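>>> generate coordinates for the sequence data below:
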Amino acid sequence: MMRRFIFLSSKPKLKPKSSSNFIQSSSKLFTTDYLSYSTDSTIIPHSNSPFKFLRRFSSVFSSGGWFSRAARSFCSGAEAVVSRESMNYDVVIVGAGPSGLSAAIRFKQLCSEKNVDLSVCVVEKGAEVGAHVLSGNVFEPRALDELLPQWKQEDAPIHVPVSSDRFLLLTKNYALSLPSPFNNKGNYVISLSELVRWLALKAEELGVEIYPGFAASEILYDEDDKVIGVATNDMGVAKDGSRKDNFQPGVELKGQVTFLAEGCRGSLSESVIRKFNLRNKGQGQHQTYALGIKEVWEISGDKHDPGSVLHTLGWPLDHKTYGGSFLYHMKDRQVAVGLVVALNYENPFLNPYEEFQKLKHHPAIQGLLEGGTVLQYGARTLNEGGYQSIPYPVFPGGAIIGCSAGFLNVPKIKGTHTAMKSGMLAAESAFRMLHEGILMEAYWENLRSSWIWRELYAARNFRPAFEYGLFPGILLSALEQYVMKGRSPWTLKHGKPDHEATNEARLCSPIEYAKPDSVLSFDVPASLYRSNTNHDHDQPVHLQLRDPQIPELVNLPTYAGPESRYCPARVYEYVSDEKGQPKLQINAQNCLHCKACDIKDPKQNIQWTVPEGGGGPGYSIM
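This next block holds a predicted model:
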């Protein structure tokens with residue numbers, strides 16, 4: 001289990017590993033795995049605390065330090081304004097996913113090679129590293145081979161090589177076999193959440209400081225609009241904005257270089273892209289997205305075929321909607337099954353969650369899952385814009401890396417290896433900037449001369465080919481894949497942005513979905529339970545409406561309330577108010593952090609912001 005540090009928590013968030021984690025004190029009010037807080041306003045770091053900044057910033061914990069002043073303030077019930085403490089690093093990374101951890105590891109490798117002591121901090125909003133990480137995942141080890149060549153000898157959680165690779169076109173009752181375009185020879189079926197936890201251990205061994213449970217909510221700028229770091233959000237704030245007894249001010253993490261590695265549709269990344277007009281400075285086209293919904297099942301041993309990979313196109317989606325399913329046989333009799341639905345679908349009555357439930361009843365899938373048990377459920381959006389949608393990744397003071405920039409290879413359905421490589425390239429540029437004075441802009445040039453660029457350029461026409469529908473898309477993509485081999489003299493453009501693609505309800509037919517049978521298909525509450533999603537109910541709603549009237553005045557009458565269907569966690573539902581009128585209710589505690597609402601809302605009225613650190617899903621094998 002990854003380590004978590006709690007500044008001032010009224011109760012431990014993790015069970016203690018042993019009684020030695022606790023300092024015995026008659027005056028102690030409460031304790032965590034690594035800290036105790038006593039009645040004399042003293043913060044006591046435990047002797048086994050792994051966090052270097054407890055030593056580096058030991059003055060913070062003195063009787064005259066900030067934490068003591070803050071503690072006295074809110075313990076006495078005062079509502080005094082408390083300034084945020086600041087912590088300084090050479091490199092600050094937001095997000096402990098594949099790209100962020102690869103950047104941290106590569107940077108510290110270079111420090112070791114050049115005998116230079118530079119500090120790296122990684123802040124992660126999930127309660128544990130890997131808690132918010134979800135992917136298919138058939139893993140291509142190319143970037144890992146470059147980053148940690150000895151990974152096979154170092155107990156990496158990569159054990160199941162791809163053994164077979166099938167591709168089917170589904171109709172309602174049949175499956176037509178097609179040539180597989182994926183070429184997964186040499187790849188592995190893995191859990192990405194397990195892999196990032198292993199990467200985090202490797203990063204810590206090199207001296208990287210990783211802080212799960214802290215949500216970076218704000219970009220810090222200097223007077224010249226240069227990014228100088230990030231701030232985490234305040235914790236212990238009630239829904240009405242008042243401070244609770246466990247109030248904890250956010251912390252400013254300042255760095256000479258800041259990397260944004262938040263994953264798809266990162267909130268800070270999007271704000272920086274808009275502020276510095278990075279989309280137009282890059283390849284110029286808008287990003288387009290899909291929503292991936294996934295379950296991990298445990299099935300009987302006689303049905304399990306480790307390394308078997310299946311992808312499908314077609315049913316249950318209509319011919320105008322791009323998407324497909326996957327089914328991967330993992331280790332330990334586990335299989336990952338999921339459906340990916342492009343968010344530029346037209347019919348507002350379409351419900352991606354219900355389409356996924358329907359998928360599991362197809363004859364090609366049903367027999368495998370029958371008699372099995374669902375272990376986990378989750379959902380996440382993914383970038384599908386590819387080459388055309390890559391923004392200029394460098395901003396004053398840092399860079400955007402990984403899926404925040406959008407390096408997914410759509411025909412491969414893989415982005416982990418490209419995300420990792422982008423983090424490595426950014427780390428190399430940052431090290432040269434800090435050590436040799438080379439401009440950070442070298443990251444853009446190195447990116448364009450890397451295998452990432454060649455790979456995405458060759459795949460650039462696959463996704464936009466499906467703007468013309470399923471069968472034209474299959475023909476055009478086959479032409480690109482097998483005839484032109486990525487060397488077409490043209491580059492196709494994406495269609496409308498996803499939110500603009502939604503048609504008015506009067507132009508579409510409602511879709512009736514069958515009730516779940518609780519054997520293969522399930523209702524949303526049952527699935528949410530399996531996602532381990534948890535938020536403190538008494539905190540400000542992190543899903544903000546720019547105009548509170550749009551749901552009732554526009555979305556419901558014009559689009560039949562699509563937010564009640566595109567969300568895979570039933571965060572949004574229309575209920576009757578005291579006058580019997582429909583009113584949008586936001587169940588923010590259900591949020592899976594998938595970002596679909598931020599993308600698909602027809603009027604872009606929903607703004608996704610980070611909740612308290614540590615909230616959200618708790619994935620372990622996704």
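>>> pLDDT weak spots in the chain?
Low-confidence regions of the chain, defined by pLDDT under 70, span residues 1-82.
>>> can you tell me the element Leu168 falls in?
Following DSSP states H and E, the helix or strand that holds Leu168 is strand 164-170.
>>> er, Gly580 actually
For Gly580, there is no enclosing helix or strand under DSSP H and E.
>>> and the strand holding Leu168, what's buried?
When burial is assessed from 16 or more other Cβ atoms under 10 Å, strand 164-170 yields the following buried residues: 165-170. (Glycine included, C-beta is placed from N, CA and C.)
>>> now that strand, how far from the centre of its chain.
Mean C-alpha position of strand 164-170 versus that of the full chain (Cα atoms, centre = their mean, to the nearest Å) differs by 27 Å.
>>> just checking, what packs against that strand?
Strand 164-170 is packed against strand 175-178, strand 308-314, with contacts defined by 3 or more Cβ pairs under 8 Å, 6 or more residues apart in numbering; DSSP states H and E.
>>> shouldn't Tyr353 be within a helix?
Yes - according to DSSP: H, G, I helix; E, B strand; the rest coil, the state of Tyr353 is that of a helix.
>>> tell me the contacts of it?
Contact criterion Cβ atoms under 8 Å, 6 or more residues apart in numbering gives 293, 379, 524, 527, 565, 568 as the residues in contact with Tyr353.
>>> any idea which of those residues has the most stuff around it?
Using other Cβ atoms under 10 Å as the contact criterion, the top neighbour count among the contacts of Tyr353 goes to Pro568, which has 29 neighbours.
>>> need the contact list for that one.
Pro568 makes contacts with 291, 293, 352-353, 379, 524, 592, 594, 596, as judged by Cβ under 8 Å, 6+ apart.
>>> same thing with Leu176?
By Cβ under 8 Å, 6+ apart, Leu176 lies in contact with 168-170.
>>> ok, it to Ala458 distance?
When distance is defined by Cβ to Cβ, to the nearest Å, Leu176 is 27 Å away from Ala458.
>>> from the contacts of Leu176, which is closest to Gly615?
Relative to Gly615, the closest of the contacts of Leu176 is Leu170; by Cβ to Cβ it sits at 36.7 Å.
>>> span of stretch 174-189 from start to end?
This stretch, stretch 174-189, spans 26 Å end to end (Cα to Cα, to the nearest Å).
>>> to clarify, my last question referred to stretch 564-573.
With Cα to Cα as the measure, what separates the two termini of stretch 564-573 is 5 Å.
>>> also stretch 240-252?
The first and final residues of stretch 240-252 sit 24 Å from each other (Cα to Cα).
>>> how about the helices in the stretch 401-550 of the chain?
Counting by DSSP state H, counting those that start in this stretch, one finds helices in the stretch 401-550 of the chain at the ranges 416-436, 442-448, 451-458, 462-465, 470-478, 524-531, 550.
>>> over to the stretch 201-350 of the chain?
With DSSP H, counting those that start in this stretch as the criterion, the stretch 201-350 of the chain has helices at 267-275, 278-281.
>>> residues of the longest one that come out buried?
Of all the residues in helix 267-275, those buried under the rule 16+ other Cβ under 10 Å are 267-270, 272-273.
>>> check the shortest one too.
Along helix 278-281, the positions that meet the burial threshold by neighbour count (16+ other Cβ under 10 Å) are 278-279.
>>> contact partners of it?
Against helix 278-281 from outside (Cβ under 8 Å, 6+ apart): 272-273, 285-287, 389, 391-393, 395, 400.
>>> could you redo the last one with a cut-off of 7 Å?
Surrounding helix 278-281, the residues in contact under the criterion Cβ atoms under 7 Å, 6 or more residues apart in numbering are 272-273, 286, 391-392, 395.
>>> alpha carbons only: can I get it in PDB?
Once side chains and other backbone atoms are set aside, the C-alpha atoms of helix 278-281 remain, and they are given as PDB (Å, rounded to 0.1, in the frame of the first residue of the first chain):
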ATOM      1  CA  LEU A 278      -1.600  26.400 -26.500                       C
ATOM      2  CA  ARG A 279      -4.100  24.500 -28.700                       C
ATOM      3  CA  ASN A 280      -3.700  26.900 -31.600                       C
ATOM      4  CA  LYS A 281       0.100  27.100 -31.100                       C
END
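>>> what residues does stretch 506-525 touch?
With contact meaning Cβ under 7 Å, 6+ apart, stretch 506-525 is reached by 347-351, 353-354, 357-358, 360-361, 366, 369, 569-570.
>>> what about 8 Å?
For stretch 506-525, the external contacting residues (Cβ under 8 Å, 6+ apart) are 346-351, 353-354, 357-358, 360-361, 366, 369-370, 374, 526, 560, 568-570.
>>> span of it from start to end?
Stretch 506-525 has its terminal residues 30 Å apart, counting by Cα to Cα.
>>> identify each buried residue in that stretch, please.
Using 16+ other Cβ under 10 Å as the burial criterion, the residues of stretch 506-525 that qualify are 508, 511, 516, 520-522, 524.
>>> quick revisit: okay, the helices of the stretch 401-550 of the chain, which one's buried deepest?
Among the helices of the stretch 401-550 of the chain, helix 416-436 has the highest mean neighbour count (mean count of other Cβ atoms under 10 Å), at a mean of 25.
>>> which one of the contacts of helix 278-281 sits closest to Trp490?
Within the contacts of helix 278-281, the smallest distance to Trp490 is 19.0 Å, found for His286 (Cβ to Cβ).
>>> from Gln287, how far out is the nearest residue to that closest one once chain neighbours are set aside?
Leaving aside its chain neighbours, His286 sits nearest to Pro497 (5.0 Å; criterion: Cβ to Cβ, 6 or more residues apart in numbering). With the distance defined as Cβ to Cβ, Pro497 ends up 8 Å from Gln287.
>>> so which of the two has more stuff around it?
Neighbours were tallied for Pro497 and for Gln287 using other Cβ under 10 Å; the higher tally belongs to Gln287 (23 against 17).
>>> you'd agree the more buried one is up against Gln388?
No - look at Gln287 against Gln388 with Cβ atoms under 8 Å: they stay out of range, at 9.2 Å.
>>> could I get the contacting residues of the nearest residue to Thr321 once chain neighbours are set aside?
By the measure of Cβ to Cβ, 6+ apart, the closest residue to Thr321 outside its immediate chain neighbours is Tyr345, 4.4 Å from it. By Cβ under 8 Å, 6+ apart, Tyr345 lies in contact with 317, 320-321, 501-502.
>>> JSON lines for these, including neighbour count and distance to Leu492?
Conversion of the contacts of Tyr345 to JSON lines gives the following (neighbours: other Cβ atoms under 10 Å; distance: Cβ to Cβ, whole Å):
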{"residue": "Leu317", "neighbour count": "24", "distance to Leu492": "21"}
{"residue": "Lys320", "neighbour count": "15", "distance to Leu492": "17"}
{"residue": "Thr321", "neighbour count": "20", "distance to Leu492": "18"}
{"residue": "Ala501", "neighbour count": "18", "distance to Leu492": "16"}
{"residue": "Thr502", "neighbour count": "25", "distance to Leu492": "22"}
